[in-house]
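S.K.: fold the following, please.
(one chain, ligands or ions: 1)
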Amino acid sequence: MNKVYKSITSLFGAALTCMLVASCSSDPDSSGVEYMPDMYRSPAIEPYVDYGELRGRVHADVARSQSALTPPAFTIPYYGTDSKEVELMLPYQRKATIAFAKTHGLYADDLLITEDPEVEYRAAAEDKNPIALTPANSEALFSSGKTIYSSKCAHCHGEKGDGEGPMVKSGAYSGAANFGALAIADGQMFYSIYYGKGMMGSHRSLLNKKEIWTVIHYIKKLQNPNYGSDAAETVAADSTTVK
Ligand code: HEC
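M.R.: Residues are numbered from 1 along each chain as shown. Take a look at the predicted model:
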């Protein structure tokens, strides 16, 4: 009996030593053998992770595929508690015409079937920029407008807004509006940037409403260098015109 007991303990001892030795690693970054790794590492599905390669194993069928899904239509992003900011995140109330679906690949929720394809564009002339331009904030607004403009618009419209961006100069593309010769209302600029117009694609998936209204202030600055510098020209925000 004693013999059996002894061999059992030595077997356990040997197994324990093996486990201890095997759990060590010379790699200083390695955590060694983990007991129940799911307790340390969240098995939750995370957005923007390539699940095609998990712990060194490649699953060709899902590799490089998008893990984050497009949010459902009318999803409103959480944008803090400032009611003005929140209002700017609500869906744009003007609808696109059916023609835009064919040419600009818009979603079904944007569609408005109307006999006059320009009815909403014309009505958009009434929409005022909900972001007030004041002497206090104009510098910051123009600076963020310029950042957006340089990365999303200047390659077509040109740094100065003359419609001569590198894409146009290369001969690959033509027709980008020259803002110097453009006389349309702010709301119509918004409509065209949001839904696209002619050869210009829709920017609704690239910029939110706040960013579009900000870049519109910058376009107006390109059109008129005095825009926003004269107190009399300060653009009043009218809460009833937030679109
Ligand atoms: C791929 C090139 C391209 C890019 C990028 C582009 N545009 Fe345009 N844009 C055009 C073209 C072409 C037109 C002329 C459309 C027409 O009148 O048919 C235009 C027209 C416009 C107009 C006049 C719309 C109207 O109703 O007449 C505005 C304002 C404008 N773009 C602003 C922007 C802003 C702001 C950006 C960046 C967020 C931008 N565009 C990005 C090509 C582009």
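
S.K.: which residues sit in contact with the closest residue to residue 202 other than its chain neighbours?
M.R.: Residue nearest to residue 202 in three dimensions, not counting chain neighbours: residue 196, with 3.8 Å by Cβ to Cβ, 6 or more residues apart in numbering. Backbone N, C-alpha and C define where each C-beta goes, glycine included. Contact partners of residue 196, counting by Cβ atoms under 8 Å, 6 or more residues apart in numbering, are 100, 103-104, 202-203.

S.K.: how close does residue 196 sit to residue 174?
M.R.: Distance of residue 196 to residue 174, given as Cβ to Cβ, to the nearest Å: 16 Å.

S.K.: what residue spans form the domains of the protein?
M.R.: Using automatic domain parsing, the domains assigned to the chain come out as 30-69, 83-241.

S.K.: possible to save those domains as CSV with distance to the ligand?
M.R.: As requested, the domains of the chain are exported to CSV (distance: least, Cβ to the nearest ligand atom, whole Å):
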stretch, distance to the ligand
domain 30-69, 23
domain 83-241, 2
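
S.K.: could you identify which of those has the lowest mean pLDDT?
M.R.: Ranked by mean pLDDT, the domains of the chain bottom out at domain 30-69, which scores a mean of 75.

S.K.: list the contacts of the spatially most central residue of the chain.
M.R.: When the chain is reduced to its mean C-alpha position, the nearest residue by Cα atoms, centre = their mean turns out to be residue 206, at 5.0 Å. By Cβ under 8 Å, 6+ apart, the residues touching residue 206 are residue 152.

S.K.: tell me which stretches of the protein form strands.
M.R.: 53-54, 57-58, 96-97, 111-112 (DSSP state E).

S.K.: indicate which one of the ones you listed is closest to residue 170.
M.R.: With Cβ to Cβ as the criterion, residue 170 lies closest to strand 96-97 of the strands of the chain, at 29.8 Å.

S.K.: wait, doesn't residue 34 sit right on residue 40?
M.R.: Yes - using Cβ atoms under 8 Å, residue 34 is in contact with residue 40, at 6.1 Å.

S.K.: who has more neighbours out of those two?
M.R.: Ranked by neighbour count (other Cβ atoms under 10 Å), residue 34 and residue 40 place residue 34 first, with 12 against 9.

S.K.: ok, now which ones touch that one?
M.R.: Contacts for residue 34 (Cβ under 8 Å, 6+ apart) come out as residue 40.

S.K.: and it, its phi and psi?
M.R.: With angles defined as degrees, to the nearest 10, residue 34 sits at phi -100, psi 140.

S.K.: list the contacts of the longest helix belonging to the chain.
M.R.: Using DSSP state H, we find that the single longest helix of the chain is helix 2-23. If you take Cβ under 8 Å, 6+ apart as the criterion, helix 2-23 is touched by 32-33.

S.K.: and stretch 167-182, by the same measure?
M.R.: For stretch 167-182, the surrounding residues in contact (Cβ under 8 Å, 6+ apart) are 155-158, 161-165, 198-200, 219, 222-223.

S.K.: let's go with 6 Å and repeat that
M.R.: 155-157, 161-163, 199, 219, 222-223 (Cβ atoms under 6 Å, 6 or more residues apart in numbering).

S.K.: turn the residues you listed into a markdown table, columns for neighbour count.
M.R.: Listed next are those as a markdown table, based on neighbours: other Cβ atoms under 10 Å:
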| residue | neighbour count |
| --- | --- |
| 155 | 17 |
| 156 | 19 |
| 157 | 24 |
| 161 | 23 |
| 162 | 16 |
| 163 | 18 |
| 199 | 12 |
| 219 | 20 |
| 222 | 20 |
| 223 | 15 |
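
S.K.: next step: those restricted to helices.
M.R.: Using DSSP H, the contacts of stretch 167-182 in helices are 155-157, 219, 222-223.
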